[in-house]
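Chemist: need a structure here:
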Amino acid sequence: MAATKKLASFRLPPLPTVGELIKLYNLRAEKQLSQNFLLDLRLTDKIVRQAGCLNDAHVCEVGPGPGGITRSILNAGAADLLVVEKDSRFIPGLKLLSEAAPGKLRIVHGDILTYRMDRGFPTHISKAWDQDPPNLHVIGNLPFSVSTPLIIKWLENVANRTGPFAFGRTRLTLTFQKEVAERLTASTGSRQRSRISIMAQYLCTVHSCFTIPGRAFVPKPEVDVGVVHFTPLVQPQIQQPFKLVEKVVRNVFQFRRKHCHKGVEKLFPEACRAELTQEMMQQADVDPILRPTELTIPHIRALADAYASLCRREPGLFGYEFREELRLKRLGAGYSPAADALRDTSGCTAPC
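Modeler: Now for the predicted structure:
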């Protein structure tokens with residue numbers, strides 16, 4: 001009898017549908033927050049399946065909103081689900097789910113861009129970087145407004161093994177507007193090849209899972225949505241600090257339709273530009289008339305290594321920013337503090 005009572009106490013109460021919750025709490029997607037609800041549990045189940053086996057897993061869901069993906073994660077057998085939601089309107093509905101899944105769902109009312117995920121899970125789930133990924137997953141239907149800055153932040157975390165990657169090679173399963181998803185997975189030479197293609201692929205295996213038509217969301221966005229899965233590599237394909245790689249890639253791709261040396265030139269102050277650009281391209285052994293979209297990751301690795309070598313020789317070089325110098329010139333200042341630092345320490349024959 002006692003056992004029967006114990007089992008009965010864990011019986012989950014009947015739950016309203018996600019659509020009913022939206023009506024119950026008078027929830028509306030905020031356009032300025034680029035919110036779009038996914039109500040079809042068959043699609044949320046399909047997203048969650050891309051993460052792999054979630055039996056007894058620890059999961060962080062980003063921006064659960066009304067809780068569609070949240071339900072699919074719980075149904076998939078996750079033992080510990082931490083949801084991070086910025087919008088207070090969704091907290092009551094998430095608390096209802098938490099009560100229906102005792103001890104399995106934790107709610108953080110906060111911003112994922114600032115939340116310390118490395119403090120959100122027990123350290124015993126950690127795996128060494130060269131081992132299999134930990135039984136920890138990050139899943140989310142990301143608002144379009146935060147998807148790109150968030151994945152760049154997480155890629156830097158991968159490089160530094162911080163944030164969710166303090167536990168090992170944590171896998172990510174995330175949604176992006178279709179164009180961003182295509183850029184993340186774009187191959188060399190494709191029209192969608194971009195800065196974010198390189199930044200993601202030098203650090204992770206990036207897999208395009210499937211596309212969700214915009215009509216599946218409420219309200220319907222103007223674009224379709226792509227689901228992308230990331231697994232950090234044991235060894236990144238470029239062995240340089242993230243900020244240095246990001247600077248080289250950003251400069252190369254700022255003139256994506258021109259020859260790649262045009263972007264490389266902007267890494268250097270004007271007085272040293274021709275000399276150092278030629279030296280960097282020769283040291284990297286990269287054809288200067290390749291287009292940025294034609295550059296492979298080994299090309300980028302060679303350019304990053306060459307730039308790092310020049311930065312070690314010219315201590316002020318890494319601080320130089322072409323756009324900042326241009327901005328100051330437009331304001332009439334006519335100089336850059338970073339360029340001044342380089343002028344004092346570089347071996348340029350002409351003043352930098």
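
Chemist: The closest residue in space to Thr205 that isn't next to it in sequence and Arg49, how far apart?
Modeler: With sequence-adjacent residues excluded and distances taken as C-beta to C-beta, 6 or more residues apart in numbering, Thr205 is closest to Thr231, at 4.7 Å. All C-beta atoms are positioned from the backbone trio N, CA, C, and that covers glycine. To Arg49, Thr231 is 16 Å away according to C-beta to C-beta, to the nearest Å.

Chemist: do the same with Leu155
Modeler: To Arg49, Leu155 is 24 Å away according to C-beta to C-beta.

Chemist: neighbour count winner among the two?
Modeler: The neighbour count for Leu155 versus Arg49, taken as other C-beta atoms under 10 Å, is higher for Leu155 (23 against 14).

Chemist: need the next SSE after the helix or strand hosting the more buried one, C-terminal direction.
Modeler: Taking DSSP states H and E as the criterion, Leu155 maps to helix 144-160. Counting by DSSP H and E, the next helix or strand C-terminal to helix 144-160 is strand 171-177.

Chemist: got the angle for that next one vs helix 144-160?
Modeler: If you take axes from the mean of the first three to the mean of the last three C-alpha atoms, to 10 degrees, strand 171-177 sits at 150 degrees to helix 144-160.

Chemist: May I have strand 171-177 exported as PDB, CA atoms only?
Modeler: Output of strand 171-177 as PDB, limited to C-alpha atoms (Å, rounded to 0.1, in the frame of the first residue of the first chain):
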ATOM      1  CA  ARG A 171      27.600  19.400 -28.200                       C
ATOM      2  CA  LEU A 172      25.300  22.100 -29.400                       C
ATOM      3  CA  THR A 173      22.000  21.700 -31.300                       C
ATOM      4  CA  LEU A 174      20.600  25.100 -32.300                       C
ATOM      5  CA  THR A 175      18.300  26.900 -34.700                       C
ATOM      6  CA  PHE A 176      19.300  29.800 -37.000                       C
ATOM      7  CA  GLN A 177      17.600  31.600 -39.800                       C
END
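
Chemist: For that strand, which helices and strands make contact with it?
Modeler: helix 41-49, strand 136-140, helix 144-160, strand 225-232 (3 or more C-beta pairs under 8 Å, 6 or more residues apart in numbering; DSSP states H and E).

Chemist: So which residues make contact with the longest one?
Modeler: What it means is helix 144-160. 33-34, 62-63, 112-113, 138, 142, 163-165, 172, 174-177, 180, 184, 196, 199-200, 203-204, 221, 232, 236, 241-243, 245-246 (C-beta atoms under 8 Å, 6 or more residues apart in numbering).

Chemist: go on, the second one?
Modeler: Applying C-beta under 8 Å, 6+ apart, the contact partners of strand 136-140 are 47-48, 51-52, 54, 57-64, 69, 73, 112, 117, 121, 125, 154, 164, 167-168, 170-175.

Chemist: how many neighbours does Lys86 have?
Modeler: Lys86 has 18 nearby residues by other C-beta under 10 Å.

Chemist: swap in the one 5 residues further on?
Modeler: Here the number of neighbours of Ile91 (other C-beta under 10 Å) works out to 16.
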